[in-house]
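K.L.:
Okay, here's the prediction I keep looking at, along with the sequence it came from:
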Number of protein chains: 2
Amino acid sequence: MTAPTRVVVIGADAAGMSAAHQALRTARRTGRELAITVLDKGTHTSYSACGIPYLMAGDVASAEDLVARSGDAHRDAGIDLRMSTEVVSADLSARTVTTDGGDVLEYDELVVATGAPAVVPDWALRPDGTPYGGVGTVKTLDDGASWLERFAEVGDGGHVVVVGAGYVGVEVAEAALRKGFGVTVLTRTRGMSMLEDEMSDLVNVGLCDAGIELVLGAEVTGLELDGDRVTGVHWDGGTRDADLVVVAIGVRPATAFLEGQVELTDGGALRPDPHGRVADHVWAAGDCCEVRRRLDDEWVFRPLGTHANKHGRALGDSLAGGSLTFDGMTDTSITRFSYGEVHLEIARTGLSRSDAEAAGHEPVALLTEGTTASGYMPEAEPIALWVMADRTTRRLLGVQVVGGHGAGKRIDAAAAVLWAGGTVDDLAWMDLAYAPPFSTAWEILQVAARRVAERL
Amino acid sequence: MTAPTRVVVIGADAAGMSAAHQALRTARRTGRELAITVLDKGTHTSYSACGIPYLMAGDVASAEDLVARSGDAHRDAGIDLRMSTEVVSADLSARTVTTDGGDVLEYDELVVATGAPAVVPDWALRPDGTPYGGVGTVKTLDDGASWLERFAEVGDGGHVVVVGAGYVGVEVAEAALRKGFGVTVLTRTRGMSMLEDEMSDLVNVGLCDAGIELVLGAEVTGLELDGDRVTGVHWDGGTRDADLVVVAIGVRPATAFLEGQVELTDGGALRPDPHGRVADHVWAAGDCCEVRRRLDDEWVFRPLGTHANKHGRALGDSLAGGSLTFDGMTDTSITRFSYGEVHLEIARTGLSRSDAEAAGHEPVALLTEGTTASGYMPEAEPIALWVMADRTTRRLLGVQVVGGHGAGKRIDAAAAVLWAGGTVDDLAWMDLAYAPPFSTAWEILQVAARRVAERL
């Protein structure tokens, strides 16, 4: 009888725990014996970071509801899970990791699933490196709990400044509105800058219609303070009093402990192969990694739970002798902005125009407006679709959607065409579902595709 | 200068008018000259037959709202449109059609887009061939208007018996409930028999939960009459008092005038090629035709507006010298049943289990239950998915959905995979959109696909 393979996983969230559980499942099939230890510096395992804005908004009753699987459930599955345990260094040649408690763990296989903490700019930090009072990010369950406390402290009539207008910024702005606060959103670029300009404009209008003060092209220069508590925000074009400041300007891979030992991108990300390998006996998945975009074979940083789950699963399977692979993605994402009369579903898949040009395509793109259901139905709400294809090959390159109820998940049909490498004609002619409560007789996604097809 | 090509189109609804307008558009590009005459026996052109149940329910304010394009709008586009003009015979060798008014029209190209009137069984008919009082079908705008009148006459507390539990039967049952009537649905088979048994069962439960008396396996044997007005329905297992009886047992192609001159199926349908041709100088599209299912290359009768529009468009383009084709379908359809606390979105695409077996596949299918959004979100509603794949090739063969808000249009992503000939692994691993209000972290469609993938 051989000794079990010692697997150390760093990070107990989507990627790490998907990997661990899949490895155990596959090992039962392949007959391998694994001893899996998972180390995490935090206090909560397997929680939905994506759900935190909805916790802040009051949609979710308690932080515990966001925990998909408790620590004990993982331990019951045979995983040696150690929370509040940070890995401070790793020696990949000696195959050891060292924890903040001074423990040195030997491994046969190392899985890096450390994720990506929120970026906090210098202006938000006290000299001791902690954020000023009333200032914070939105990443961990503890962050979510802190915001609920801060919201309660400030009470009705307070004003929240959100810095950043990406997914998290927009979702938190919705949460703050629904909690009764005045809201200012500051962005260096524009609302949802992962959208093309003309689609981003629709989001900007929706944010303003909902009563948000939206400032585009704003670079924050500093905070107004009362003691060490924030009372206002300065940017290059103005100032706004603020009771609370949410910093939502992005995240950065937690890979500093690997520097000099494996290849990292300028942004600090790993680039694992489809099985999750980054080096001999070293594997990685999740937000600490870039992901390969199948459409142009580019590596991009898209720290999304859906990629983390899929790549974690392929990694776990491969580590235990299976053959599953994560064969990249098509750059799909979705969110919602909903407050009062405004309900916008916002989604994209595929390349942007500049991505497409960089990849050597000759992109042709059009914006098409219509309704989510037949115009005579009470369900009908406005929807705008941006569709882009290559002039020569007719290949579908990208689709973006902004619209009312039922608009957002329409992106999935486009994502499926992109996954298959299909053309804009495939999108225009394939057999999508029609009934009056669900679409127009020509589904708007197909009208939009047809219009582009006619321009090629 | 040559004389224009004389095109006679029979039928002024989706297929016929799509063909006529596309022919004119393409002719401008190809330089052809067309003189298009459209003959229709009805009084309304280009209306949404699919919208009639929603007119009956009161969702749509007036029948006029269902008219997509008025007769005058068609005439303004240069089409010689003649309503209330029935074609009673055609002579394909002489290239003439004869109308009920005795006019004989010569044509160079004939487009048959006569649709498919509702089937009315003998038990519903007086000796003179018209339905008894209080009995009718749901097909034309005039039918819709008649039902509104009958509903008003009967008033609150009346009882409606719906015969048939397919798309129209279920939609009309919803309409009658919402108008305050008691509703009995009689079906020879089961609720939505185009679904697999286990999915159909979910619909049956929903109909009953909404207060419908649903009788499965019921063969209607006759009516109870007071004079020539219905007062009840007899079936092989019982009797029910009824103020109104809706006959929704299907439709039949209106092709009798072509018998002996072109090939018709036993059901009376035409089978046009991808350009819409059925014989020299004879074209057809829409509900009078069968459509080719790409997955098994079988011809099936699916009288749906979405096929009519697409095939009409390809036909019109081809007729005017273009090259567009309608390359079949994947058997996608969708409907909704919504009343009180019950909201079911019902959709299917691809083959049934028996279709798959007939095509020589070894199908593996599983039912998977989950939620439409992350479980902690208020948007989360139950959803059930049936996914079927071939054991050897792993090809995706069919998907069916029954669930709450947001469930139905999920079918489109599966339809896109089927269109591309993809596998169940494609469905499981492709990049579908995730955010908590829209899906679980593993989109339920992908969980369902993964479960099937693991059984192959």
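P.N.:
Structure received.
K.L.:
Give me the three-state assignment for A:Thr111.
P.N.:
That one is not Thr; residue A:111 is Val. Assigned with DSSP: H, G, I helix; E, B strand; the rest coil, A:Val111 falls in the strand class.
K.L.:
er, A:Tyr434 I mean
P.N.:
When the structure is reduced to helix, strand and coil (three-state DSSP), A:Tyr434 reads as coil.
K.L.:
residues touching the residue lying closest to it once chain neighbours are set aside, list them.
P.N.:
Beyond its immediate neighbours in the sequence, the residue positioned closest to A:Tyr434 (CB to CB, 6 or more residues apart in numbering or on different chains) is B:Thr306, lying 4.3 Å away. In short, each C-beta sits where N, CA and C put it, glycine included. Remark: with contacts taken as CB atoms under 8 Å, 6 or more residues apart in numbering or on different chains, B:Thr306 is in contact with A:Asp431, A:Leu432, A:Tyr434, A:Ala441, A:Trp442, A:Glu443.
K.L.:
Show the pLDDT at the first one.
P.N.:
In this case it means A:Asp431. Reported pLDDT at A:Asp431 in the predicted model: 98.
K.L.:
remind me which residues of the stretch 151-300 of chain A are low pLDDT?
P.N.:
Scanning the stretch 151-300 of chain A for pLDDT under 70 picks out nothing.
K.L.:
what does the stretch 51-200 of chain A put close to chain B?
P.N.:
For the stretch 51-200 of chain A, the residues in contact with chain B under the definition CB under 8 Å from any CB of the partner chain are A:Gly51, A:Tyr54, A:Asp59, A:Val60, A:Asp65, A:Leu66, A:Ala68, A:Tyr167.
K.L.:
Sticking with the residue nearest to A:Tyr434, tell me its helix or strand.
P.N.:
Assessed by DSSP states H and E, B:Thr306 sits inside helix B:305-319.
K.L.:
Please name every helix or strand in contact with the helix or strand following that helix.
P.N.:
Per DSSP H and E, helix B:305-319 leads on to strand B:333-339 as the next helix or strand towards the C-terminus. The elements that strand B:333-339 packs onto, with contact taken as 3 or more CB pairs under 8 Å, 6 or more residues apart in numbering or on different chains; DSSP states H and E, are helix B:167-178, helix B:197-209, strand B:342-350.
K.L.:
Quickly run through the sheet partners of strand B:333-339, with directions.
P.N.:
The strands beside strand B:333-339 in its sheet (DSSP bridges) come out as strand B:342-350 (antiparallel).
K.L.:
State the mean pLDDT of the helix or strand following the strand it pairs with.
P.N.:
Beyond strand B:342-350 in the direction of the C-terminus, DSSP H and E gives the next helix or strand as helix B:353-358. Mean pLDDT, computed over helix B:353-358, is 98.
K.L.:
now check the very next helix or strand once past helix B:353-358, is it near chain A?
P.N.:
Beyond helix B:353-358 in the direction of the C-terminus, DSSP H and E gives the next helix or strand as strand B:363-371. No. Using CB under 8 Å from any CB, strand B:363-371 stays clear of chain A, with a minimum separation of 12.8 Å.
K.L.:
what packs against strand B:363-371?
P.N.:
For strand B:363-371, the helices and strands in contact under the criterion 3+ CB pairs under 8 Å, 6+ apart are helix B:353-358, strand B:382-390, helix B:444-455.
K.L.:
Could you chop chain A up by domain?
P.N.:
Each structural domain of chain A that the record assigns through automatic domain parsing is listed here as a residue range: A:5-117+A:252-319, A:122-247, A:333-455.
K.L.:
Of those, flag the one that's most buried.
P.N.:
Counting by mean count of other CB atoms under 10 Å in any protein chain shown, domain A:333-455 has the highest mean neighbour count of those, with a mean of 22.
K.L.:
Spell out, range by range, the strands that occur in the stretch 51-200 of chain A.
P.N.:
Along the stretch 51-200 of chain A, the segments classed as strands by DSSP state E, counting those that start in this stretch run A:80-82, A:87-91, A:96-99, A:104-106, A:109-112, A:135-136, A:159-163, A:182-186.
K.L.:
Arrange these in JSON lines, one row each, with distance to B:Arg292 as further columns.
P.N.:
Putting these into JSON lines (distance: least, CB to CB, whole Å) gives the following:
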{"stretch": "strand A:80-82", "distance to B:Arg292": "55"}
{"stretch": "strand A:87-91", "distance to B:Arg292": "59"}
{"stretch": "strand A:96-99", "distance to B:Arg292": "60"}
{"stretch": "strand A:104-106", "distance to B:Arg292": "62"}
{"stretch": "strand A:109-112", "distance to B:Arg292": "49"}
{"stretch": "strand A:135-136", "distance to B:Arg292": "59"}
{"stretch": "strand A:159-163", "distance to B:Arg292": "53"}
{"stretch": "strand A:182-186", "distance to B:Arg292": "52"}
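K.L.:
So which of the ones you listed is nearest B:Pro4?
P.N.:
Comparing those by their distance to B:Pro4 (CB to CB), the top pick is strand A:182-186, with 60.0 Å.
K.L.:
Identify all contacting residues around the longest helix along chain A.
P.N.:
Secondary structure of chain A read by DSSP state H shows that its longest helix is helix A:14-30. Contacts to helix A:14-30, defined as CB under 8 Å, 6+ apart, come from residues A:7, A:9-10, A:32-34, A:36, A:38, A:40, A:45-46, A:69, A:74, A:77-79, A:111, A:113, A:115, A:276, A:283, A:285-287, A:305, A:308-309, A:311-313, A:315-317, A:319-322, A:324, B:441.
K.L.:
before we move on, what about stretch A:251-266?
P.N.:
With CB under 8 Å, 6+ apart, stretch A:251-266 has contacts from A:87-92, A:112, A:114-119, A:139, A:267-271, A:278-279, A:282, A:287-290, A:299, A:301, A:303.
K.L.:
Look up the closest residue to A:Ser48, ignoring the ones flanking it.
P.N.:
With CB to CB, 6+ apart, the residue lying closest to A:Ser48 is A:Leu66, at 4.6 Å.
K.L.:
wait, doesn't that neighbour sit right on A:Asp142?
P.N.:
No. With contact defined as CB atoms under 8 Å, A:Leu66 and A:Asp142 do not form a contacting pair (11.7 Å).
K.L.:
quick one: contacts for A:Ala428?
P.N.:
A:Gln446, A:Ala449, A:Arg450, A:Ala453.
K.L.:
Look up the closest residue to it, ignoring the ones flanking it.
P.N.:
Going by CB to CB, 6+ apart, A:Ala428 has A:Ala449 as its nearest residue, at 3.9 Å.
K.L.:
Quick check: pLDDT value at that neighbour.
P.N.:
As summarised for this prediction, A:Ala449 has a pLDDT of 98.
K.L.:
I figured it hits A:Leu427, correct?
P.N.:
Yes. Contact criterion CB under 8 Å: A:Ala449 and A:Leu427 qualify, at 3.9 Å.
K.L.:
shared neighbours, those two?
P.N.:
Counting by CB under 8 Å, 6+ apart, the shared contacts of A:Ala449 and A:Leu427 are A:Val387, A:Leu396.
K.L.:
Find the nearest non-adjacent residue to the residue of the stretch 51-200 of chain A found nearest chain B, please.
P.N.:
Sorted by distance to chain B under CB to the nearest CB, the residues of the stretch 51-200 of chain A start with A:Asp65, at 4.3 Å. Nearest non-adjacent residue to A:Asp65, counting by CB to CB, 6+ apart: B:Tyr376, 4.3 Å away.
K.L.:
Run through the residues that contact that neighbour.
P.N.:
The neighbours of B:Tyr376, taking CB under 8 Å, 6+ apart as the test, are A:Ser48, A:Gly51, A:Tyr54, A:Asp59, A:Val60, A:Asp65, A:Leu66, B:Pro436.
K.L.:
That one falls within a strand, correct?
P.N.:
No. Going by three-state DSSP, the assignment for B:Tyr376 is coil, not a strand.
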